[in-house]
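Student: From the sequence below, what's the structure:
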Amino acid sequence: MQFQVQHSPVFSTLEISLAQNEFVVAQPNSMLTMTAGIGISAHIGRQSPKDNVAVDSDTSRDSAPNTGGVRSAKPKRKHSWTGGFKSLLGGESFFTAEFRAKSDGETVVLAPESYGDIVVLNLGGETGFYLTRGSYLANTGQTDIRTIYGGLKGLMSKKGLFLMHASGAGHVFCQSYGSVVHRELAADETIFVDNRFMVAFSDTVTYKLVKATESVRDSLMSGEGLVNRYTGPGHVYYQTRGRPSGGFLSVLLDAFF
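Tutor: Numbering: from 1, shown residues only. Just a heads-up that it's a prediction; the model follows:
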C-alpha cells in the first residue's frame, strides 16, 4: 500500500494505491475517484482489527509517497447497530465504507468534505490518539477506532460526552478546516487551544477546561471565555480555522455529543 496527500493545505485529497485484497476504511461519501478494480462495501459501525491478518511497514509522512501495507484475507464481519450508534455519538457517520482492491495496482482517491489539510497519524505503539468531532476521514492497517464515554470531563472541556480513540498499528487520516499545525509537547509543557481548532492529540496528553485569563471579566469580554489547557508529553494537531457554527441547536448537540 502507498498513500500520498495531494493539493494541500486547502483542497487536500488522499490518494491510496492498493495491491490485491488491500483495503481502506473511510467515511461514507468521501470517495473522489477510484479505478475499476475497487470493490465497495458498506458496514454498520466499525470492525475490530483482530478480524484481519495484516502486515504494516514503516512509512514516511505528509505529501511524499508512503509505503506500507495491509494485505489480508477476507475479514469476518463484526459490525453492529450498537457500533453504528456509538459512531454517531462520536460525531461520525452511522456507516463506514470499505474500499478493497480486487487486483494489484488499484487506486482510490478520498476528498474531505471541508476545505483543509489532511493529517496523517502514524500508530504503532502502546499509545494512541483522541480525535475531535468530525475530524475522522479514513484508516488503514490494524487500527482500532472506538467511541468511548468521556464523562463530565469531556463535556466540560467542550469535547462532548463521547470521544473517538484510535490505537493499534497502521494509519489514521484526519480532515481539518484550514491548515494544520503540529506541536510535540515535552513532559509538563503546556499549550492553550480553543477546542474549535483542535483536530487530534496523543492520549498521553492531559487536558482541562480553564479560563482564558485569571479575570472572569477579561475572559468574557475578550471573546475567549474558556479554553482547553493541554499538557504533555505527546503530540497535538490543531487547525488554523474554526468550523462555522450551525446555529444554536447544532452548538447544543455538539456540547453533549
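
Student: Which of the three states applies to the closest residue to Ala19 other than its chain neighbours?
Tutor: Nearest residue to Ala19 in three dimensions, chain neighbours excluded: Asp104, at 4.8 Å (Cβ to Cβ, 6 or more residues apart in numbering). From N, CA and C alone the C-beta is placed, and that goes for glycine too. Going by DSSP: H, G, I helix; E, B strand; the rest coil, the secondary structure assigned to Asp104 is coil.

Student: and Asp104, how many neighbours?
Tutor: 12 (other Cβ atoms under 10 Å).

Student: Repeat that for Val25.
Tutor: 20.

Student: Check the one 10 residues further on too.
Tutor: Applying other Cβ under 10 Å, we find 15 residues neighbouring Thr35.

Student: doesn't Thr107 make contact with it?
Tutor: Yes - at 5.1 Å, Thr35 and Thr107 qualify as touching, with contact defined as Cβ atoms under 8 Å.

Student: can you give me the strands in the stretch 151-257 of the chain?
Tutor: Secondary structure of the stretch 151-257 of the chain (DSSP state E, counting those that start in this stretch): strands at 162-175, 180-185, 190-193, 198-202, 206-211, 226-231, 234-239.

Student: okay if I get these as CSV plus mean neighbour count and mean pLDDT?
Tutor: Formatted as CSV, these follow (neighbours: other Cβ atoms under 10 Å; pLDDT from 0 to 100):
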stretch, mean neighbour count, mean pLDDT
strand 162-175, 23, 90
strand 180-185, 16, 96
strand 190-193, 14, 93
strand 198-202, 24, 93
strand 206-211, 15, 83
strand 226-231, 19, 87
strand 234-239, 22, 96
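
Student: export those to JSON lines and tack on distance to Pro112?
Tutor: As requested, the strands of the stretch 151-257 of the chain are exported to JSON lines (distance: least, Cβ to Cβ, whole Å):
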{"stretch": "strand 162-175", "distance to Pro112": "3"}
{"stretch": "strand 180-185", "distance to Pro112": "12"}
{"stretch": "strand 190-193", "distance to Pro112": "21"}
{"stretch": "strand 198-202", "distance to Pro112": "11"}
{"stretch": "strand 206-211", "distance to Pro112": "24"}
{"stretch": "strand 226-231", "distance to Pro112": "23"}
{"stretch": "strand 234-239", "distance to Pro112": "12"}
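
Student: quick one: which of the ones you listed is nearest Thr127?
Tutor: strand 198-202 (5.9 Å; Cβ to Cβ).

Student: CA atoms only: put that closest one into CSV for me.
Tutor: Provided in CSV are the C-alpha atoms of strand 198-202 (Å, rounded to 0.1, in the frame of the first residue of the first chain):
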residue,chain,number,x,y,z
MET,A,198,-8.2,21.0,17.8
VAL,A,199,-8.0,18.1,15.4
ALA,A,200,-6.2,15.3,17.3
PHE,A,201,-3.9,14.8,20.3
SER,A,202,-2.0,11.9,21.9
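
Student: Now do that strand: which elements does it pack against?
Tutor: Helices and strands touching strand 198-202, by 3 or more Cβ pairs under 8 Å, 6 or more residues apart in numbering; DSSP states H and E, are strand 118-124, strand 129-131, strand 234-239.

Student: Quick one: closest of the ones you listed to Ile148.
Tutor: Going by Cβ to Cβ, the one of the helices and strands packed on strand 198-202 nearest Ile148 is strand 129-131, 9.0 Å.

Student: Can you give me the buried ones in whatever helix or strand comes next after the closest one?
Tutor: The helix or strand immediately downstream of strand 129-131 is strand 136-149, counting by DSSP states H and E. Going by neighbour count (16 or more other Cβ atoms under 10 Å), the buried part of strand 136-149 is Tyr136, Leu137, Ala138, Asn139, Thr140, Gly141, Gln142, Thr143, Asp144, Ile145, Arg146, Thr147.

Student: quick one on the thing from earlier: how about a markdown table for the helices and strands packed on strand 198-202, with distance to Leu226 added?
Tutor: Below are these laid out as a markdown table (distance: least, Cβ to Cβ, whole Å):
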| stretch | distance to Leu226 |
| --- | --- |
| strand 118-124 | 25 |
| strand 129-131 | 19 |
| strand 234-239 | 16 |
